[in-house]
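**Student:** With the input below, show me the fold.
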Amino acid sequence: MPRVAVIGAGTMGHGIAELFAIAGYEVHLTDISQEILDKALKSIEESLKKVKERGLLKEDVSAVLSRIKPFVNDVCGAVGGVELVVEAVVEDIEVKKRVFTEADRCAPPEAVLATNTSSLPITEIAEAVRPDRRPKVVGMHFFNPPVLMPLVEIVKGKYTNDETVKKVVDYTKKLGKEPVVVNKDVPGFIVNRILARLNDSACWLVARGLATPEAVDAVAMYKVGLPMGVFLLLDFVGIDVACFVAEAMRKRGFGGGPCPVIAEKCQQKKYGVKTGEGFYKYPAPGKFTRPNIPKELSDKLDPVALFAPAVNEAAYLLRDGVATREDIDKAVKLGLNWPKGPLELADEMGIDTVVKALEEWTSMGFKELAPDPLLLQLVKEGKLGRKTGEGFYKYAKSVVFAVTETLEKLYGEPIKQLESLITATSLPVYRDPRSGALLWVDVREMRLRFTLSVNKLEKFVEGLQRGRLMYTQCRRCGAKYFPPQVDCPKCKTSDVEWREVSAEGELITWTVINVKPGSFSHHSDYVVGIVKMPDGFNITAWIDADPKALKPGMKVRLVVDRRPGENYITYWFKPA
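**Tutor:** Residues are numbered from 1 along each chain as shown. The predicted model follows:
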């Protein structure tokens, strides 16, 4: 049976020990007294019973507990014969260094030494061990509570080698957790660093009289979708914890001074739920009830002003090679339960809009919030996010016709057929409520949005990217949908199958639409037609042909590609 040691049996330590025991490891758990260890083992047993009740534990609770071996005030004994040591003692650099020196002296030469620190430098901790052990020292930052939170930040110090990182990634996966590799030993790593920026921006907005705590939390929850507002989360976690972590990060060079609104709460020892009062009041110390935060307060503050500093920090982490864009967003989503990561949020908000907000922060004296060079570069290149099709990520865009005339004014019977089929066909047409005009969407100018909910149709977008058009078919009733639908409206089910649209169809009818001069430089007239597909539905789309050469019933071939002179993917037909 593989063996690991966990040093420190507090909240984090006993949670980490429980995880390894569930995963089948023999766990050597040590702390300074029998009383602490007894309390930890009781907490582990209670937690295991809950896990068992939820059907997430196959073994008996007693079998898992039997794999945890307590060692009273005996680091040397605990680390003997183990392959991994996880330190989870108090967040004090000198205490941690003493623990690592002792663990290094007694652990097997091949053992990895990991620290669960959330804010202290991995490199400095590694310097407490012998030089030949330093490549095996790494950060293994679990989130509280470890049994429930899925994220583990794996942090490389100055000396950490790739083999050690790989081993700890493997350990993390065996625990059923999601690893994110932090390539540089920066203060706060990923999650706490980005959270610190959000806490600071929220705090200073209140300190400057630009918002109230309730308005900040309303914006965070109702406009951005966070499960808890900034100040509510501070109360829940403990304002004293936030003050400690922020101060530790500032000592290591994290820019920005302490915000008086949060510092005042710490001085008053109003730490939030644990003391019964923080930014909100609670029924009693330790008793949490969610305060009433009116939704209408979310209109009192621009969410970009609140979140731009967090985005800026994420951009720095990406530019400096601390982590990949995917891992930055993944870490924040898993570690803080955000619905989207900061880089995804930037693309949604518009990177140019984020830069403007940061410039406003800078003008107020917050020099550390000057727009990161990566953000400025993206703006210079016109990569502003979803509205341009590319920002931190690329986005597939579809048909982009912009028609300024009403279809009612165009030519004859084909238009009536186009109108009658428009709700069941692919052309993204929108009826202007003011004029009654039917307009095509111009995604580049964001005047109107494509009627397909592309965000819910990843497979449709993936199909476009590989040159295929997709439709859905309900597995229950057999109904086919184009544009595709992820839920069958007939059966009220999401049990749908994705299929490729056939390569050829039969032209039913068509019309010529004259686009207002200047809308496109390379076309003035468009042929739009209805094509009957052998799949059992019709598609309305651009026909790439001389209208004089078209005949009813002729075969046309589907093309999925980039339009000439454009940078987006779309689809059209041409004579077969």
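
**Student:** Report the secondary structure element holding the closest residue to Arg252 other than its chain neighbours.
**Tutor:** Of all residues not flanking Arg252 in the chain, Pro187 sits nearest, at 4.0 Å (CB to CB, 6 or more residues apart in numbering). (Each C-beta comes from the backbone N, C-alpha and C, glycine too.) For Pro187, there is no helix or strand it lies in under DSSP states H and E.

**Student:** Could you pull up the residues touching Pro187?
**Tutor:** Ser119, Pro121, Arg193, Ala248, Met249, Arg252, Gly253, Phe254 (CB atoms under 8 Å, 6 or more residues apart in numbering).

**Student:** ok, how many other residues are close to the second one?
**Tutor:** Put plainly, it is Pro121. Pro121 is flanked by 21 other residues according to other CB atoms under 10 Å.

**Student:** separation between the nearest residue to it once chain neighbours are set aside and Gly55?
**Tutor:** Closest residue to Pro121 apart from its sequence neighbours, by CB to CB, 6+ apart: Asp185 at 5.7 Å. Separation of Asp185 from Gly55 (CB to CB, to the nearest Å) stands at 40 Å.

**Student:** Who are the contact partners of Pro2?
**Tutor:** Per CB under 8 Å, 6+ apart, neighbours of Pro2: Gly24, Tyr25, Glu26, Glu83.

**Student:** Narrow the residues you listed to those in strands?
**Tutor:** With strands taken from DSSP state E, the overlap with the contacts of Pro2 comprises Glu26.

**Student:** Now which of the contacts of Pro2 would you call buried?
**Tutor:** Tyr25, Glu26, Glu83 (16 or more other CB atoms under 10 Å).

**Student:** In terms of helices and strands, where is Gln473?
**Tutor:** For Gln473, the host element (DSSP H and E) is strand 470-474.

**Student:** same thing with Arg557?
**Tutor:** strand 555-562.

**Student:** May I have the following helix or strand past that strand as PDB, with CA atoms only?
**Tutor:** Downstream of strand 555-562, the first helix or strand assigned by DSSP H and E is strand 569-575. Extracted in PDB, the C-alpha atoms of strand 569-575 (Å, rounded to 0.1, in the frame of the first residue of the first chain):
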ATOM      1  CA  ILE A 569     -16.800  30.800 -41.200                       C
ATOM      2  CA  THR A 570     -20.200  30.600 -42.900                       C
ATOM      3  CA  TYR A 571     -22.000  28.400 -45.400                       C
ATOM      4  CA  TRP A 572     -23.600  28.900 -48.800                       C
ATOM      5  CA  PHE A 573     -24.600  26.900 -51.900                       C
ATOM      6  CA  LYS A 574     -23.200  26.900 -55.500                       C
ATOM      7  CA  PRO A 575     -24.300  25.000 -58.600                       C
END
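
**Student:** tell me what strand 569-575 is packed against?
**Tutor:** helix 458-465, strand 538-542, strand 555-562 (3 or more CB pairs under 8 Å, 6 or more residues apart in numbering; DSSP states H and E).

**Student:** what's the angle from that strand to strand 538-542?
**Tutor:** 100 degrees (axes from the mean of the first three to the mean of the last three CA atoms, to 10 degrees).

**Student:** returning to that earlier point: of the contacts of Pro2, closest to Val6?
**Tutor:** Tyr25 (9.9 Å; CB to CB).

**Student:** got a list of what the closest one touches?
**Tutor:** Met1, Pro2, Arg3, Val4, Arg67 are the contacts of Tyr25 under CB under 8 Å, 6+ apart.

**Student:** between the residues you listed, which has the most around it?
**Tutor:** Of these, with other CB under 10 Å as the count, Val4 tops at 26 neighbours.

**Student:** I'd say that residue and Gly81 touch.
**Tutor:** No. Counting by CB atoms under 8 Å, Val4 stays clear of Gly81, with 10.4 Å between them.

**Student:** Any regions of the stretch 401-550 of the chain where pLDDT drops low?
**Tutor:** 401-458, 461, 465, 513-526 (pLDDT under 70).

**Student:** Report the buried residues of stretch 108-126.
**Tutor:** In stretch 108-126, counting by 16+ other CB under 10 Å, buried: 111-123, 125-126.

**Student:** hmm, which two among the residues you listed are most spread apart?
**Tutor:** Most distant of the buried residues of stretch 108-126, by CB to CB, are Ala111 and Ser119, 24.5 Å apart.

**Student:** hang on, the earlier thing: so for the buried residues of stretch 108-126, which is the shakiest by pLDDT?
**Tutor:** Within the buried residues of stretch 108-126, Ser119 has the lowest pLDDT, namely 86.

**Student:** Let's have the buried ones among the contacts of Pro2 in JSON lines, adding pLDDT and distance to Val241.
**Tutor:** Listed next are these as JSON lines, based on pLDDT from 0 to 100; distance: CB to CB, whole Å:
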{"residue": "Tyr25", "pLDDT": "98", "distance to Val241": "29"}
{"residue": "Glu26", "pLDDT": "98", "distance to Val241": "32"}
{"residue": "Glu83", "pLDDT": "98", "distance to Val241": "31"}
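
**Student:** how about those residues in JSON lines, adding distance to Leu384?
**Tutor:** Output for the buried ones among the contacts of Pro2, formatted as JSON lines (distance: CB to CB, whole Å):
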{"residue": "Tyr25", "distance to Leu384": "48"}
{"residue": "Glu26", "distance to Leu384": "54"}
{"residue": "Glu83", "distance to Leu384": "49"}
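
**Student:** which among those residues gets closest to Phe482?
**Tutor:** Checking these against Phe482 by CB to CB gives Tyr25 as the nearest, at 52.1 Å.

**Student:** Is Ala248 in contact with Leu120, as I believe?
**Tutor:** Yes. Ala248 is within contact range of Leu120, at 6.6 Å (criterion: CB under 8 Å).

**Student:** any shared contact partners between the two?
**Tutor:** With CB under 8 Å, 6+ apart as the test, Ala248 and Leu120 both reach Glu91.

**Student:** ok, back up a step: contacting residues around the strand holding Arg557?
**Tutor:** So strand 555-562 is contacted by 463-464, 467-469, 501-507, 529, 531, 543-545, 568-576 (CB under 8 Å, 6+ apart).

**Student:** ok, back up a step: looking at the contacts of Pro2, spot the one nearest Val155.
**Tutor:** Nearest member of the contacts of Pro2 to Val155, counting by CB to CB, is Glu83, at 19.5 Å.

**Student:** For that closest one, give its distance to Asp240.
**Tutor:** 36 Å.

**Student:** any idea how far Cys203 is from Val273?
**Tutor:** Distance of Cys203 to Val273, given as CB to CB: 18 Å.

**Student:** do the same with Ala370
**Tutor:** 36 Å.

**Student:** Pick out whichever of the two has more residues nearby.
**Tutor:** Val273 (22 against 15).

**Student:** so the more buried one touches Asp235, yeah?
**Tutor:** Yes. Counting by CB under 8 Å, Val273 does reach Asp235; the two are 5.5 Å apart.
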